[in-house]
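Asks: Structure for the following, please:
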Amino acid sequence: MARIVVPVVGGSYKHDTLPFDAQETVNLFPERGGRQSKSTAILRRTPGLSLFATISTQTGPVRGMYTTSGDRFFVVRGTQLYEFNVAGTETIRGTINSGTDRVQMTDNGLELGIADGTNIWSYALSTNTLSEVTDTDAPDTTPSLEFIDGYIFGFDPDASQIGSFAHSDLNDLTTWNSIDVYTAESSPDKIVALKALNGQLWLFGSKGYEVWYNAGGDNVSSATWARVPGTFTQIGCAAANSVAVIRGHIFWLGSSKDGANIVWVSDGYNARRISTRALESTISGYDSIDAAWGFTYEYLGHHFYVLTFQEGNDTFVYDITENEWHNWRYRNPTTGEQGRHRAVNHAYFERKNLVGDYTNGNIYELSQTTYTDNGDPIVWERYFSHFENVKQRISWYMLQLDMLTGSALLDTASYPDGVSVNSLTRSAGTVTVVTASAHGFTTGDEITISGATPDNYNGNHTITVSNSVTFTFITTNPVPAVGAITTAVGDATVTGVNTTFSSDPNIVVGTQINWVDDSSINKFGDVLSITSDTELELTTNASSVATGAAFTYNNLVTATGTITASDQSTQGSDPLVQLRWSDDGGRTYGKWHEMSVGLRGKYDTRVIKRMLGQSRGRVYHVRSSEPIAMSLQDSCVADIEASDD
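Replies: This next block holds a predicted model:
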């Protein structure tokens, strides 16, 4: 028997010809270790989605987001332009005409420019006013805008002069001049996209690109902008929205007169291929790729280019730091299927990586400490590289994964599944629960109350334990008061439509409340004074009646019905990973086997599976959806025995 190291860490390279390579890295990314790290490399979790804000006043996806040079954060959804502060509070800043396609934004320090493919919009940052750019020389149908040296550039995709583009007047988005129009003439090709990089303008057609620079002229005696000599390259852009910039590099999904499906990155003025043969084979299987979108972000020292295909329902991420690809997927909690990630665009604002949702108005923060996608489980997966030893039959006696252990949320092994509750009462904002037997909870636990009447008490609560049968929690939910109501002085005017008293028992002076008098007449008034713990004086809104009325009420409300309190922190408290394997090169896989990653604080847990059968070649597949910190090191070991039969 021999102990060997089984390679674990790597990127995605699932080839269409199995068993050549079946590797997939889903919702994990590789990271090389230092010179004296425990392992040569590690797989880390991709960030989760923590809700930053929700735009509820429009429909459809988040169309675009942008952080200005003055650190103001703007978002477009539907036909509305919004500004958000760091707390996620929105302010509507204006309305644009088009409400469907993606928008791109830029700014010159004075104005925010918005291109929606139909019009150009200028938002004055000093006066907070939005207006349409109506200059007839402006390329209104430009799908994107870019700022360089005080100018904002755009282009008309369907201009009669093929390859033409233009810029605004200096620091004035609203003014354009017909003499400031240029033509990318290296190839008779319509412009698909433009992007600013290092003070120069990259112009992409479908079959080539070229780069322009500020030549310093006035477009009268000499040109203001000119082509950088020798930069024309016969590699174009297949998807306008795939173009993105990070760390001095442009990324894009390419096309040329010879074909498409290759992902490129700029290297100086040259283009360098970064897609793998496996990824290119996957892309070539899509019926359409022109709707692909891309963006970049920086996370934990890594620089990522995100490329999503609507047609293929998948998201691929390139890590320029490690030169590796991984898959970034969202799991539909209803169907269980994994598909493209929810992020459609990105902006960095107040030290937050923010992304918009491709179907709704949610804006999320990419969070290192959030292990769900806005509450939905994230399933991470790693398909190992194919293992074989010169075609020998291998007996697998043991496989041990080197993982982060002991990071469970909490140990709930002693918690009951449900506890009957004798009584539930409220005084002001504190609710006291008395159980029929010892509840077994501790202060800080999250519990769920169900079956209470009124139902305001139902839901999740964080508790404080008083003793073995009593605990409390704080609520701000209003609960109808009950009790005997008496009219002390005069009559009141019928003004409301309520037929029952409805107000929070924790009443303060000035609160407007409704009540029913002894004659079943609906009335309302403001609290004038609180004379005791059970008496209030109320003023009415009718001048023809007495100034007040008094009534008694019961500030302690007892719930009725069947009530259970049960711990809700089970997932992640006893975390598991699942393992299965394929002995036919990744074509089919066997059943799942579960392995513990250890309870909280059990750092010496061995993530191990014994007696794994025999094979001549094997691909292991490990996954988990536990909402805790997890990592997988490149120091997995196995005990095997090889034979020549």
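
Asks: Now do the strand or helix carrying residue 580: which elements does it pack against?
Replies: In the assignment (DSSP states H and E), residue 580 maps to strand 576-582. With contacts taken as 3 or more CB pairs under 8 Å, 6 or more residues apart in numbering; DSSP states H and E, strand 576-582 sits against strand 393-401, strand 593-596, strand 617-624. For the C-beta atoms, the positions are set from N, CA and C on the backbone; glycine is no exception.

Asks: how close does residue 302 get to residue 320?
Replies: 8 Å (CB to CB, to the nearest Å).

Asks: Residue 193 is nearest to which of the helices and strands packed on strand 576-582?
Replies: When these are compared by CB to CB, strand 617-624 sits nearest residue 193, at 37.2 Å.

Asks: tell me the angle that closest one makes with strand 576-582.
Replies: Relative orientation of strand 617-624 versus strand 576-582 (axes from the mean of the first three to the mean of the last three CA atoms, to 10 degrees): 160 degrees.

Asks: any idea of the mean pLDDT in strand 617-624?
Replies: What strand 617-624 shows for mean pLDDT is 96.

Asks: what does stretch 452-466 give?
Replies: 76.

Asks: ok, which stretches of this structure are helices?
Replies: Ranges of helices within the chain are 277-284, based on DSSP state H.

Asks: That one - how does it break down into domains?
Replies: Domains of the chain are assigned by automatic domain parsing as 2-44+381-409+586-643, 419-478+560-567.

Asks: And those: which comes nearest residue 73?
Replies: domain 2-44+381-409+586-643 (26.4 Å).

Asks: mind checking the end-to-end distance for that closest one?
Replies: The first residue of domain 2-44+381-409+586-643 is 12 Å away from its last residue (CA to CA, to the nearest Å).

Asks: cool, and stretch 31-45?
Replies: Start-to-end, stretch 31-45 (CA to CA) is 11 Å.

Asks: Contacts for it, please.
Replies: Identification of contacts with stretch 31-45 by CB atoms under 8 Å, 6 or more residues apart in numbering yields 8-9, 25, 27-30, 300, 302, 322, 371, 378, 380, 382, 402, 629-635.

Asks: which of these are buried?
Replies: 8-9, 25, 27-30, 302, 322, 371, 378, 380, 382, 402, 630-635 (16 or more other CB atoms under 10 Å).

Asks: could the domains of the chain go into a markdown table alongside distance to residue 278?
Replies: Shown next, in a markdown table, are the domains of the chain (distance: least, CB to CB, whole Å):
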| stretch | distance to residue 278 |
| --- | --- |
| domain 2-44+381-409+586-643 | 5 |
| domain 419-478+560-567 | 43 |
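
Asks: And the ones you listed, which one averages the lowest pLDDT?
Replies: For the domains of the chain, where the average pLDDT is lowest is domain 419-478+560-567, sitting at a mean of 74.

Asks: from the middle of its chain, how far away would that one be?
Replies: From the chain centre to the centre of domain 419-478+560-567 is a distance of 33 Å (CA atoms, centre = their mean, to the nearest Å).

Asks: How many residues are close by residue 221?
Replies: Using other CB atoms under 10 Å, the number of residues around residue 221 comes to 6.

Asks: hang on, residue 97 packs against residue 114?
Replies: No - proximity of residue 97 to residue 114 does not meet the contact threshold set by CB atoms under 8 Å, at 11.0 Å.

Asks: neighbour count winner among the two?
Replies: Between residue 97 and residue 114, counted using other CB under 10 Å, residue 114 has the larger neighbour count: 28 against 10.

Asks: The strand holding residue 580: which residues count as buried?
Replies: Buried residues in strand 576-582, counted by 16+ other CB under 10 Å: 576, 577, 578, 579, 581, 582.

Asks: between these, which is closest to residue 352?
Replies: Nearest to residue 352 among those, with distances taken as CB to CB, is residue 577, at 30.3 Å.

Asks: Now do the contacts for that closest one.
Replies: 401, 403, 594, 595, 597, 607, 622, 623, 624, 626, 630 are the contacts of residue 577 under CB under 8 Å, 6+ apart.

Asks: 6 Å instead, please
Replies: Shown in contact with residue 577 (CB atoms under 6 Å, 6 or more residues apart in numbering): 595, 597, 622, 624.

Asks: Bridged to it, which residues?
Replies: With DSSP bridges as the criterion, residue 577 is bridged to residue 595.

Asks: List the buried residues in stretch 130-144.
Replies: When burial is assessed from 16+ other CB under 10 Å, stretch 130-144 yields the following buried residues: 130, 133, 135, 138, 139, 140, 141, 142, 143, 144.

Asks: count of residues packed around the nearest residue to the third one once chain neighbours are set aside?
Replies: So the one you mean is residue 135. Setting aside the residues directly before and after it, residue 135 is nearest to residue 176 in space (CB to CB, 6 or more residues apart in numbering), at 4.7 Å. Neighbours of residue 176 under the rule other CB under 10 Å: 23.

Asks: so the strand holding residue 580 versus strand 393-401, what angle?
Replies: 160 degrees.

Asks: What's the mean pLDDT across strand 576-582?
Replies: Mean predicted confidence for strand 576-582 is 96.

Asks: Run the chain-centre distance for it.
Replies: On CA atoms, centre = their mean, the centre of strand 576-582 falls 27 Å from that of its chain.

Asks: How about stretch 614-626?
Replies: Centroid displacement of stretch 614-626 relative to its chain, using CA atoms, centre = their mean, is 29 Å.

Asks: what's the answer for stretch 87-98, then?
Replies: Distance, centroid of stretch 87-98 to centroid of chain: 20 Å (CA atoms, centre = their mean).

Asks: change the start of the numbering to 436 and stick with it
Replies: Done: numbering now begins at 436, and the last item shifts to stretch 522-533.

Asks: List the contacts of it.
Replies: With CB under 6 Å, 6+ apart as the test, stretch 522-533 has contacts from 487-488, 514-519, 551, 553-554, 556, 565.

Asks: Which positions in that stretch come out as buried?
Replies: Per 16+ other CB under 10 Å, stretch 522-533 contains these buried residues: 525, 528, 529, 531.

Asks: between these, which is closest to residue 801?
Replies: residue 525 (19.7 Å).

Asks: per-residue pLDDT, that closest one?
Replies: For residue 525, the pLDDT comes out at 94.

Asks: What separation do you get for residue 573 and residue 519?
Replies: Counting by CB to CB, the gap from residue 573 to residue 519 is 28 Å.

Asks: what do you get for residue 605?
Replies: In terms of CB to CB, residue 605 sits 30 Å off from residue 519.
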